[in-house]
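1. What shape does this take:
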Amino acid sequence: WLRQLHSYGLLRGSFRPEAEIAVLRSYLRQRERLVEYAAAHIQHMQKALMEMNLQLHHVVSDITGATGMRIIRAIVAGERDPEVLASYRDVRCQSSVETIRAALIGNDRDEHIFALAQSLDLYDAYQAKIAECDGKLEASVEALTIRTTNPAPLPKPRFRQRPVGAPAFDVRAALYGVLGVDLTQIHGIGPSLALKLVAECGTDLRAWPSSKHFTSWLCLAPGNKISGGKLLSSRTRRSSSRAAALLRLAAITLGRSDTALGAFYRRLSSRIGKQKAVTATARKIAVLFYNTLRFGMTYRDPGAAAYDERHRTRVLANLQRRARALGYELAPASDATSVS
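-> Numbers count the residues shown, from 1 in each chain. Down below sits the predicted model:
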C-alpha cells in the first residue's frame, strides 16, 4: 500500500544517506557505544576508590587524566604509600602534592583492589577497541567523495588542544580536505560534533531545497497546526533525530559565551525560558551548518556587543514607528528632561 501511494507521488521519500556516509555513521555510532561502555567502568573504578576511602575524585578533575591514571595503575601494581602515590602528580594538576597525599590515606582491602584492577583492565580493553574504531573512522573520512578541488588554506583553529574523548586523528583537517569548508568556525561546533553532524546528514545537503526544509526535518522549526485559518499550536514536533540532539547540546554550550549566538540565547532565555531558547539557538546553528556546507558560506561572528547593539537599534526603530503612528515623537531622556 505504501509502495502504491509512493508510485502515485502521494508520499515523499525519506532521507537516506549515501553508502559512504552510511559506513561512516555506522563506525561513529559503534564508537559512541564503546565510549558509553568505557564510562561505566570509570564509575566502577571511582566506586572502588571510594570504598577504600581514597578521595581521588575530589583532588583531580578527571580520574582518567594523567595524574589519576598514574595513581590508579600504581595502586593496582601494589603501591600503598600516599607519599609515593602523590609524587605521580602531573605538573598540570591544580591540586598540590600535599592535598593529593591527604586524599590518598585510606584502607587497602583485597576485594576492593580486585574490583579496581578488573575495572581498569576492562577500561583499557575498551580504550583499545576505541583506538581500532578511530582507525576505521579515519579511513572512512579519507574515502569520502571530495566536494571541492581547490580549497583555500585551512583557517586558524579556534581550539588550541584536542578535546577530551575526540578521535585520535585530526578530524578538522580531514573534514576540511573533503568539504573545503571549516565547520568548526561556527561557534558551538567542534571537530567531533562536526564529524557527527556529517555522519548523520551527509556531505551533500541538496536533499533539502532550503534551510527551512532542513530545520523542519530536524524538528527545530515551529510545527504549525492550522484549522479553519486559525493557528492552534506552533510547538516543535518531538523527534528522535541524533543530529537535532547534537545541535541542542551545541546551543547549551553557547549560553555563557561572548558571541552573537550566546547573546541571542541569553536574550531569548530571559524572555521565553531556557528550553525554548535552546531550540531557537539550535535552529540558528542548523541554518549556519546548512549554508556553510551547501553554499560554502564563511561564518564570521560579529560578537555579543554587536548583536546587542543591533537588537537595541531594532527595538528603538520599532518604538519610534509606533510613536509616530500615534502622533508622538520619541526623544532621548536627557533632551526630554531639559525641555520640561
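
2. Any stretches of this structure with poor pLDDT?
-> 160, 335-340 (pLDDT under 70).

3. got the domain boundaries for it?
-> Annotated domains of the chain cover 19-144, 171-226+234-305 [the TED database].

4. Which of those domains has the highest mean neighbour count?
-> Burial of those is given as mean neighbour count (mean count of other CB atoms under 10 Å); domain 171-226+234-305 ranks first at a mean of 18. C-beta: built from backbone N, CA, C; applies to glycine.

5. on that earlier part again, list just the one of the domains of the chain that sits closest to R158.
-> domain 171-226+234-305 (6.1 Å; CB to CB).

6. That closest one: end-to-end distance?
-> Start-to-end span of domain 171-226+234-305 (CA to CA, to the nearest Å) is 32 Å.

7. And L232, its phi and psi?
-> Here is the backbone geometry of L232 (degrees, to the nearest 10): phi -90, psi -40.

8. ok so, going back, how about JSON lines for the domains of the chain, with distance to K156 added?
-> Formatted as JSON lines, the domains of the chain follow (distance: least, CB to CB, whole Å):
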{"stretch": "domain 19-144", "distance to K156": "21"}
{"stretch": "domain 171-226+234-305", "distance to K156": "9"}
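
9. closest to P157 out of those domains?
-> Between P157 and the domains of the chain, the shortest separation by CB to CB is 6.4 Å, and it involves domain 171-226+234-305.

10. How far off centre is that closest one?
-> Offset of domain 171-226+234-305 from its chain centre (CA atoms, centre = their mean, to the nearest Å): 10 Å.

11. Please apply the same query to stretch 54-74.
-> Distance, stretch centre to chain centre, for stretch 54-74: 26 Å (CA atoms, centre = their mean).

12. Need the residues that contact stretch 153-171.
-> Contact with stretch 153-171 is made by 31, 35, 62, 131, 134, 137-138, 141, 172-173, 176, 182, 184-185, 187, 190-192, 194-195, as judged by CB atoms under 8 Å, 6 or more residues apart in numbering.

13. now with 10 Å?
-> In this structure, residues lying in contact with stretch 153-171 by CB atoms under 10 Å, 6 or more residues apart in numbering are 28, 31, 35, 38-39, 62, 64-65, 130-131, 133-135, 137-139, 141-142, 172-174, 176-177, 181-182, 184-187, 189-196, 198, 298, 301.

14. Where do the strands of the stretch 201-340 of the chain begin and end?
-> 225-227, 230-233 (DSSP state E, counting those that start in this stretch).

15. Who are the packing partners of the last one?
-> What it means is strand 230-233. Judged by 3 or more CB pairs under 10 Å, 6 or more residues apart in numbering; DSSP states H and E, the packing partners of strand 230-233 are strand 225-227.

16. rewinding a little: just the ones of the contacts of stretch 153-171 in helices?
-> Cross-referencing these against helices under DSSP state H gives 28, 31, 35, 38-39, 130-131, 133-135, 137-139, 141-142, 172-174, 176-177, 191-196, 198.
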